[in-house]
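**Student:** Okay, predicted coordinates and the sequence, questions at the end:
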Amino acid sequence: MNAHGVRAIYRFEMARTFRTITQSIASPVLSTSLYFVVFGAAIGSRMGDVDGVSYGAFIIPGLIMLSLMNESLSNASFGIYMPKWAGTIYELLSAPVGWVEVVLGYVGAAASKSVMLGVLILVTARFFVDYEIVHPVAMVVFLLLTATTFSLFGFVIGLWATDFQKLQVIPLMIVTPLSFLGGAFYSIDMLPPVWQKIALLNPVVYLISGFRWSFYGSADVDPAISFAAITVFLVALLLAVRWIFRTGWRLKA
C-alpha cells in the first residue's frame with residue numbers, strides 16, 4: 001500500500017474543495033435550507049404528522065440523502081474526469097500507485113466532502129425544525145456507506161464519461177428522479193397498494209428508509225434489508241472498478 005500516493009491524491013482533491021468552498025459547500029447547504037423553509041416551516045406547519053413525526057422533521061433524512069447522493073456523484077465524477085480531460089491521467093497511470101490507492105484517494109476525498117456537507121445540513125436543520133436521532137450509530141453507518149457508495153458510483157461515471165455532458169446524464173436522468181420518487185418527501189405507505197409495490201423496485205427507497213429509521217425508529221422497509229442493499233451495491237461497484245483498472249477500459253481521455 002502506497003500511503004504517500006493515497007495522501008497526495010486525497011489532499012489535492014480536498015484542497016480543490018476548499019478553493020471553491022462557495023460552490024462545493026455553501027451552495028448545497030443554502031439550497032437544502034430553502035427546502036426546510038418551504039416544506040418544513042411553511043407547508044409542514046399545515047400538514048399532519050407522518051408516522052408520528054412532524055412533517056418538517058420527517059423530511060430531514062430524505063433531504064440529507066438527496067444532497068449526499070448528488071454531491072457524492074458530482075464530486076467523484078468530476079475529480080477523476082478532469083485528469084482525463086486535461087491529459088494528466090498519464091501521470092497517474094505511470095505513478096507507482098495501484099488501483100486501490102487511486103480509489104482510496106479520489107473516492108475517500110469525495111466521500112469526506114459529502115459527509116461534511118451532510119453534517120452541515122443536519123446542523124442547519126436544527127434552526128428550522130426539531131428532530132431527534134434514535135439510533136445515532138446506525139445513522140453514522142448509513143451516512144458513511146451512502147457517501148462511499150455514491151462516490152464510488154460517481155468515480156465509475158467519471159471513468160465512463162467522454163465529455164462534460166455525459167457527466168450529467170446519469171445523475172440528472174436517473175439518480176435525481178429516483179431520489180425524488182424514493183420517499184424523500186413522503187412515506188411509501190401513503191401510496192396506493194400498486195404503487196407501493198412499484199416503489200420497492202426503486203433502490204433509493206431502501207437508502208432513505210434505512211436512514212430515516214436511524215432517526216425515528218420507523219421505516220418503510222426493514223433496516224436490515226436497507227443495509228444489505230447498499231452493501232451489495234458497494235461491493236458490485238468495487239468489483240466494477242477493479243475490472244476497469246485491470247482492463248484499462250476508458251482510463252485515458
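**Tutor:** On my side now, so go ahead.
**Student:** Look up the closest residue to Gly105, ignoring the ones flanking it.
**Tutor:** Nearest residue to Gly105, sequence neighbours excluded (C-beta to C-beta, 6 or more residues apart in numbering): Ile9, at 2.7 Å. Heads up, the C-betas are built off the backbone N, CA and C, glycines and all.
**Student:** next one: the helix or strand that that neighbour is a member of to chain centre, how far?
**Tutor:** Take DSSP states H and E as the rule and Ile9 turns out to sit in helix 3-19. Computed by C-alpha atoms, centre = their mean, to the nearest Å, the chain-centroid distance of helix 3-19 equals 20 Å.
**Student:** Give me the packing partners of that helix, helices and strands only.
**Tutor:** Judged by 3 or more C-beta pairs under 8 Å, 6 or more residues apart in numbering; DSSP states H and E, the packing partners of helix 3-19 are helix 60-86, helix 99-125.
**Student:** Low-confidence regions, the stretch 151-253 of the chain specifically.
**Tutor:** 248-253 (pLDDT under 70).
**Student:** Who are the contact partners of the spatially most central residue of the chain?
**Tutor:** Geometric centre of the chain, nearest residue: Met69, 2.2 Å, by C-alpha atoms, centre = their mean. Residues counted as contacts of Met69 (C-beta atoms under 8 Å, 6 or more residues apart in numbering) are Thr146, Phe150, Val175, Ser179, Val204, Leu207.
**Student:** give me that answer again for 6 Å
**Tutor:** Contact analysis of Met69 by C-beta atoms under 6 Å, 6 or more residues apart in numbering lists Phe150.
**Student:** Can you tell me, leaving aside adjacent residues, what's nearest to Val221?
**Tutor:** Of all residues not flanking Val221 in the chain, Ser209 sits nearest, at 4.3 Å (C-beta to C-beta, 6+ apart).
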